[in-house]
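Trainee: Please find the sequence and the predicted model below.
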Amino acid sequence: MRIPCPYCGLRDAHEFSYLGDATVSRPAPDMPDAQEAFFHYVYLRENPAGAHEELWYHAAGCRQWLVVSRDTRTHEISGASFARAPKADASHAEVKP
Amino acid sequence: MSHYSVLSIIANAFNGQKGWTPAWRDAAPKPVYDVIVVGGGGHGLATAYYLAKEHGIRNVAVLEKGHVGSGNAGRNTTIIRSNYLLPGNEPFYEWSMKLWEGLEQDLNYNAMVSQRGVLNLYHSDAQRDAYARRGNAMRLNGADSELLDRDQVREMAPFLNFDQSRFPIQGGLLQKRGGTARHDAVVWGYARAADRLGVDIIQNCEVTGFIRTGDAVVGVETTRGPIRAGKVGLAVAGSTSRLTRLLDMRLPIESHVLQAFVSEGLKPLVPGVITFGAGHFYISQSDKGGLVFGGDIDGYNSYAQRGNLPVIEDVCEAGMALFPRIGRLRILRHWGGIMDMSMDGSPIIDKTHLPGLYLNAGWCYGGFKATPASGWCFAHTLAKDAPHAFNAAFRLDRFRSGHLIDEKGVGAQPNLH
Ligand SMILES: [Zn+2]
């Protein structure tokens, strides 16, 4: 399996580590039904047989978190993007020596 | 269908083997059953058998989407053991071990149960202490265990790399009653024994939907038409989420691919089952002579029944660290099965919030050894509408309530990498 990293190009899956379903999101701990929301977030999964949006970390590459679109029945990967979109304000990305 | 015995073998030897009949009927679905068990693997067939035998519920159908033995029943590494630590686990697995010990007489079928021993190696003082504790927990629950030192392990398995530079072998925890069984024979034996008690085993019958009355599940839609039932039990391993999605249920399960490997055949070399304590690797030798081994899941959601090369490399590296001479062997076959990895690494045998629907799932790496007790406990849960003490901890709602069974059965996301 090779993953098309938007920064590094097509790289072997060996360079990445997997976190799982990218569609779950961490609830706010102070919301009224936080306990129930955290139960869903931590444990429950759609676990689809088919299209799956999932988080991979390019540990041996650019060290970016990616959202990869993959078919769990065939392992075919249809695309990958950065999990966190680049900030529009470039001053935050300023690199200092 | 005749009883298998020495006499039946002799009689058939003299009539050109013409007296054998199919081991079970090729049943067509009836319109209604008392219980439908979805999944014709080891767990489903065992469930049907114990429903009929222990609870007198014989109007039972087992629905299998393919043929018996085509799923994980035919893809495992055949290890049986009861070397667990936690109170929720060990009584269940020890009951399974006891059922294995009487299985062949019970089923009248040679399942080739071979109690050749399971040896877990330890490689540090801390790991020795943990294994001593585990061994004591096993003995408290009626299982057997022996803590071996390095010399005792060397006597059993002189071919291991004792002085491996990073993980020298210091000893091991041995369960002599553990071992292996013939995986195909287990499902065939349960299928035949269930059939003899009146259970209908319906193959090539895939469940495509559920028949509902209000909240209740009162039957299933299948590729061979609708079938109604008083109760429906799911025992479909890696396909569990595929079925529960039809009911808008989300489960604490991810489906993952687990690969296994067998080498070319050798003369007897490995005496029992040996596991590496410093990595995930286990190995045994089949009766045909091939070394059967495996390790971690690939680690990403999958329904593909095949894995990728990084895990093959990882498993072989662990094997080489433990047992360098296997580097000369060729791998004859490798394959993948789809595991229902629960989020705490332990199984679920329980009722659900939907009346009439019962769930047997979340077996992670360890479904095969559990086959007899899983069927026995699921049958009890279906028949009595309540769990037996052996599966009382395998509740579906434990994830909500926080009563996890966090023994390192290793769930979907062990966060080791
Ligand atoms: Zn990258």
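Mentor: It's in.

Trainee: can we go C-alpha only for contacts and neighbour counts from here?
Mentor: Noted.

Trainee: how about the helices in chain B?
Mentor: B:6-14, B:42-55, B:90-107, B:125-140, B:150-156, B:183-196, B:240-244, B:309-322, B:367-384, B:398-401 (DSSP state H).

Trainee: which residues does the closest residue to B:R134 other than its chain neighbours contact?
Mentor: Nearest non-adjacent residue to B:R134, counting by CA to CA, 6 or more residues apart in numbering or on different chains: B:L85, 5.1 Å away. By CA atoms under 8 Å, 6 or more residues apart in numbering or on different chains, the contact set of B:L85 is B:R133, B:R134, B:G135, B:A137, B:M138, B:E407.

Trainee: Give me the distance between B:L85 and the ion.
Mentor: Computed with CA to the ion, to the nearest Å, the distance linking B:L85 and the ion is 41 Å.

Trainee: Per-residue confidence, that residue, what does it come out as?
Mentor: Confidence at B:L85, expressed as pLDDT, is 94.

Trainee: if I pick the residue of the stretch 151-300 of chain B found nearest the ion, what's in contact with it?
Mentor: Closest to the ion within the stretch 151-300 of chain B is B:Y300: 18.0 Å, counting by CA to the ion. Residues counted as contacts of B:Y300 (CA under 8 Å, 6+ apart) are A:Y18, A:L19, A:G20, B:H256, B:V257.

Trainee: Run the chain-centre distance for stretch B:379-388.
Mentor: Centre-to-centre, stretch B:379-388 and its host chain are 20 Å apart (CA atoms, centre = their mean, to the nearest Å).

Trainee: Please disregard the earlier target; I meant stretch B:148-165.
Mentor: Taking mean C-alpha positions (CA atoms, centre = their mean), stretch B:148-165 and its chain are 29 Å apart.

Trainee: follow-up on the earlier one: deepest of the helices of chain B, which one?
Mentor: Burial of the helices of chain B is given as mean neighbour count (mean count of other CA atoms under 10 Å in any protein chain shown); helix B:42-55 ranks first at a mean of 27.

Trainee: Per-residue pLDDT of the residue positioned nearest the centre of chain B, please?
Mentor: Chain B has B:F368 as the residue nearest its centroid, 1.6 Å off, counting by CA atoms, centre = their mean. Among the per-residue scores, B:F368 shows a pLDDT of 97.

Trainee: Could you double-check that it sits in contact with B:T78?
Mentor: Yes: the criterion here is CA atoms under 8 Å, and B:F368 meets it with B:T78 at 6.4 Å.

Trainee: Let me know the secondary structure of A:P29.
Mentor: coil (DSSP: H, G, I helix; E, B strand; the rest coil).

Trainee: Isn't B:N141 up against B:P91?
Mentor: Yes: taking contacts as CA under 8 Å, B:N141 lies within contact range of B:P91: 6.0 Å.

Trainee: related to what we said a few turns ago, and the ion, which of the helices of chain B is closest to it?
Mentor: helix B:309-322 (17.8 Å).

Trainee: which other helices and strands contact that closest one?
Mentor: With contacts taken as 3 or more CA pairs under 8 Å, 6 or more residues apart in numbering or on different chains; DSSP states H and E, helix B:309-322 sits against strand B:290-301.

Trainee: Tell me what angle the strand it packs on forms with helix B:309-322.
Mentor: Interaxial angle of strand B:290-301 relative to helix B:309-322 (axes from the mean of the first three to the mean of the last three CA atoms, to 10 degrees): 140 degrees.

Trainee: and strand B:290-301, which strands flank it?
Mentor: Strand B:290-301 has its sheet partners listed here by DSSP bridges as strand B:253-265 (antiparallel), strand B:282-285 (antiparallel).

Trainee: what's the shortest one in contact with?
Mentor: For strand B:282-285, the surrounding residues in contact (CA under 8 Å, 6+ apart) are B:268-276, B:291-295.

Trainee: neighbours around residue 57, how many?
Mentor: Because you didn't say which chain, this covers chain A. 20 (other CA atoms under 10 Å in any protein chain shown).

Trainee: oops, I was thinking of chain B
Mentor: 20.

Trainee: any idea what sits nearest it, other than its immediate chain neighbours?
Mentor: B:L51 (5.3 Å).

Trainee: got a list of what the residue nearest to B:G375 when sequence neighbours are not counted touches?
Mentor: Excluding its sequence neighbours, the residue lying closest to B:G375 (CA to CA, 6+ apart) is B:T47, at 3.8 Å. With contacts defined as CA under 8 Å, 6+ apart, the neighbours of B:T47 are B:V37, B:S374, B:G375, B:W376, B:C377, B:F378, B:A379.

Trainee: Out of these, which comes closest to chain A?
Mentor: B:V37 (21.8 Å; CA to the nearest CA).

Trainee: Tell me the bridge partners for the closest one.
Mentor: Assigned bridge partners for B:V37, using DSSP bridges, are B:V62, B:G233.

Trainee: what sits against it?
Mentor: By CA under 8 Å, 6+ apart, the neighbours of B:V37 are B:G44, B:T47, B:A48, B:V60, B:A61, B:V62, B:L63, B:V232, B:G233, B:L234, B:A235.

Trainee: any idea of the pLDDT on it?
Mentor: At B:V37, the pLDDT recorded in the model is 98.

Trainee: Please apply the same query to B:V410.
Mentor: So, for B:V410, pLDDT stands at 62.

Trainee: shaky segments in the chain?
Mentor: Reading this off chain A. Along chain A, segments meeting pLDDT under 70 span A:86-97.

Trainee: I was thinking of chain B, sorry if that wasn't clear
Mentor: If you take pLDDT under 70 as the line, chain B has these spans: B:1, B:409-417.

Trainee: Find the closest residue to chain A in the stretch 151-300 of chain B.
Mentor: Relative to chain A, the nearest point of the stretch 151-300 of chain B is B:P252 (4.5 Å; CA to the nearest CA).

Trainee: And for the residue nearest to B:S145 when sequence neighbours are not counted, the neighbour number?
Mentor: With sequence-adjacent residues excluded and distances taken as CA to CA, 6+ apart, B:S145 is closest to B:Q175, at 4.7 Å. When neighbours are defined as other CA under 10 Å, B:Q175 has 24 of them.

Trainee: Dig out what B:Q175 forms beta bridges with.
Mentor: B:V118.

Trainee: need the contact list for it.
Mentor: B:R81, B:N83, B:G117, B:V118, B:L119, B:D144, B:S145, B:E146.

Trainee: if you set the cut-off to 6 Å instead, what comes out?
Mentor: If you count contacts by CA atoms under 6 Å, 6 or more residues apart in numbering or on different chains, B:Q175 has them with B:G117, B:V118, B:D144, B:S145.

Trainee: Which residues are in contact with the third one?
Mentor: This means B:D144. Counted by CA under 6 Å, 6+ apart, B:D144 has contacts B:Q175.

Trainee: redo that, cut-off 10 Å
Mentor: The contact partners of B:D144, taken as CA atoms under 10 Å, 6 or more residues apart in numbering or on different chains, are B:S82, B:N83, B:E94, B:G135, B:N136, B:A137, B:M138, B:L174, B:Q175, B:K176, B:R177, B:G178.

Trainee: Pretty sure B:G88 is one of the things the third one touches, is it not?
Mentor: No: taking contacts as CA atoms under 10 Å, B:E94 lies outside contact range of B:G88: 11.3 Å.

Trainee: Find the residues that touch each one of the two.
Mentor: Taking CA under 10 Å, 6+ apart as the criterion, B:E94 and B:G88 both touch B:F390.

Trainee: tally of neighbours for the closest residue to B:V186 other than its chain neighbours?
Mentor: Leaving aside its sequence neighbours, B:V186 sits nearest to B:A111 (CA to CA, 6+ apart; 5.4 Å). Counted by other CA under 10 Å, the residues lying close to B:A111 total 22.

Trainee: and B:A111, how far is that from B:V187?
Mentor: 9 Å (CA to CA, to the nearest Å).

Trainee: What of B:H403?
Mentor: 32 Å.

Trainee: Chain neighbours aside, what residue packs nearest to B:N108?
Mentor: Nearest non-adjacent residue to B:N108, counting by CA to CA, 6+ apart: B:Y4, 6.4 Å away.
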